[in-house]
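Chemist: Okay, here's the prediction I keep looking at, along with the sequence it came from:
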Amino acid sequence: MRVLLAIHNAYTDHTSGAAHSMRIIMQWLGEAGHEVQVLSTARFDARSPGSFAQHLADREIDARRHPPAKAMLRSVRRPANLGPGRPTFEFTLNGVPVTALATAAPGNTPADRFEAEQFLFLLDQHLASFAPDVVLTYGGHPVVQEAMRRARASGAQVVFTLRNYGYENRRSFEHVDHVFTTSPYLSAFYRDRIGLQSLGIESPIDWQEVEAPEAMRRFVTFVNPSPAKGSLLFARLADMLGSARPDIPILVVQSATTAGRMNDLPGLDFTKYPHIMASPATPRPSDFFGLTRILLVPSTFAEPFGRVAAEALVNGIPPLVSDRGALPQTVGGGGTVIPLPAWLTPETTTLPGQEDARPWFERVCELWDDEVRYREASARALAEAHARYHETIMRRRYADYFASLRQGPALFL
């Protein structure tokens with residue numbers, strides 16, 4: 001089978017969970033004997049790097065730079081005052097050939113539309129030369145719809161993968177043959193909302209990226225201190241632990257939001273707790289899992305999957321998670337699910353009281369103080385990971401899914 005991943009996002013974006021999953025899936029498909037190629041852009045979820053070439057160099061990716069093809073310049077109408085188009089970079093990442101268009105324009109501008117036309121030109125070239133059996137894609141950029149239409153017209157089956165919310169309109173799937181999502185929870189959400197039939201397959205995990213040694217695991221860790229990830233409840237819990245249990249060190253791993261913003265919360269002064277430490281974002285999850293004894297995931301957002309909780313299971317680290325979205329499903333019997341009060345949402349600005357954080361405080365202290373219970377919780381976490389997320393199991397699930405694709409099944413109930 002020939003599989004082309006065509007996305008209007010950066011394949012090498014290490015801040016994007018979707019891109020991360022696609023890199024693993026494409027690598028696995030290639031290693032399973034399928035022919036795979038990737039066409040992508042330089043559009044990043046977070047802030048784009050100043051230079052895409054430097055971004056690749058920083059990741060030690062040996063890329064070949066090509067100017068815009070003359071055939072593209074002849075076939076695509078260029079708006080006035082715009083240059084001749086964007087360069088492309090070709091490279092191989094983990095055995096997967098990649099062509100990346102170095103897009104740079106702000107969204108919904110003449111330059112963005114011109115870059116979209118250049119992307120479609122490159123797509124047409126891939127459809128003609130590679131002749132994929134399957135075109136896999138995701139994302140909400142308008143060019144994705146046209147890309148799927150062209151892929152279908154070429155005779156390929158179009159597979160759209162849903163990694164989040166925001167596609168609750170059936171028109172988003174006009175040119176789609178099959179859909180898989182990042183979890184059974186998200187599949188159920190779209191089935192209930194718009195009658196979409198999809199398969200929920202948990203996000204793939206590369207165990208080599210995640211597994212960490214146990215020797216330095218000394219912290220209760222919270223990742224990405226943002227309101228959607230539960231920063232307000234964490235702030236209250238951290239204050240309680242800082243006051244009553246200063247022997248329990250806390251690590252805040254920064255991501256899209258800096259940990260320093262929690263110092264602005266009224267009534268809380270984290271500067272008096274030297275055992276609460278902040279870490280910059282790390283390129284590999286194993287970097288902070290190597291320091292983590294207990295993981296906190298108090299998300300107020302309905303998580304479509306909750307990758308960090310699953311990665312904790314892989315390390316035998318007990319995750320304490322909220323009851324929002326897929327989190328209870330993701331940890332199964334390998335973690336502790338603690339319900340949040342209904343009023344606590346991503347839009348909430350009121351700091352939770354001690355009674356709201358009390359169940360989290362008690363469970364942290366219990367696991368910290370009782371070595372026997374901690375080892376039991378750790379063993380359950382690892383057993384859940386091996387039963388559900390082991391690479392052998394997940395590789396087979398993805399390989400079986402792509403092998404099962406056939407024309408015909410109705411996409412909607």
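Modeler: Alright, I've got the coordinates. Numbering: from 1, shown residues only.

Chemist: Do a quick rundown of the helices in the protein.
Modeler: Along the chain, the segments classed as helices by DSSP state H run 17-31, 52-58, 70-75, 110-129, 142-153, 184-194, 207-210, 231-244, 285-289, 307-314, 327-331, 354-369, 371-388, 391-403.

Chemist: For these, which has the smallest mean pLDDT value?
Modeler: Ranked on mean pLDDT, the bottom entry among the helices of the chain is helix 70-75, at a mean of 77.

Chemist: Give me whichever of the helices of the chain is most buried.
Modeler: Highest mean neighbour count among these (mean count of other C-beta atoms under 10 Å): helix 307-314, with a mean of 26. The way it works is simple: take the backbone N, C-alpha and C, and place the C-beta from them, glycine included.

Chemist: hmm, back to that, nearest to residue 8, of the helices of the chain?
Modeler: Among those, helix 142-153 comes nearest to residue 8, with 5.4 Å by C-beta to C-beta.

Chemist: Export the helices of the chain as TSV, with columns for distance to residue 279.
Modeler: Shown next, in TSV, are these (distance: least, C-beta to C-beta, whole Å):
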stretch	distance to residue 279
helix 17-31	19
helix 52-58	20
helix 70-75	44
helix 110-129	35
helix 142-153	35
helix 184-194	29
helix 207-210	17
helix 231-244	14
helix 285-289	6
helix 307-314	14
helix 327-331	23
helix 354-369	19
helix 371-388	22
helix 391-403	27
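
Chemist: Next one: residue 263, what pLDDT does it get?
Modeler: Looking at residue 263, its pLDDT is 63.

Chemist: ok, now the one 5 residues further on?
Modeler: Each residue has a pLDDT score; the one for residue 268 is 67.

Chemist: who wins for proximity to residue 136 among the helices of the chain?
Modeler: Among the helices of the chain, helix 17-31 comes nearest to residue 136, with 7.7 Å by C-beta to C-beta.

Chemist: just how off-centre is that closest one within its chain?
Modeler: Distance, stretch centre to chain centre, for helix 17-31: 11 Å (C-alpha atoms, centre = their mean, to the nearest Å).

Chemist: ok, now stretch 65-80?
Modeler: 33 Å.

Chemist: Contacts for that stretch, please.
Modeler: With contact meaning C-beta atoms under 8 Å, 6 or more residues apart in numbering, stretch 65-80 is reached by 53, 84-90, 110-111, 113-114, 117-118, 121-122.

Chemist: circling back: out of the helices of the chain, which comes closest to residue 94?
Modeler: Nearest to residue 94, of the helices of the chain and by C-beta to C-beta, is helix 17-31 at 4.5 Å.
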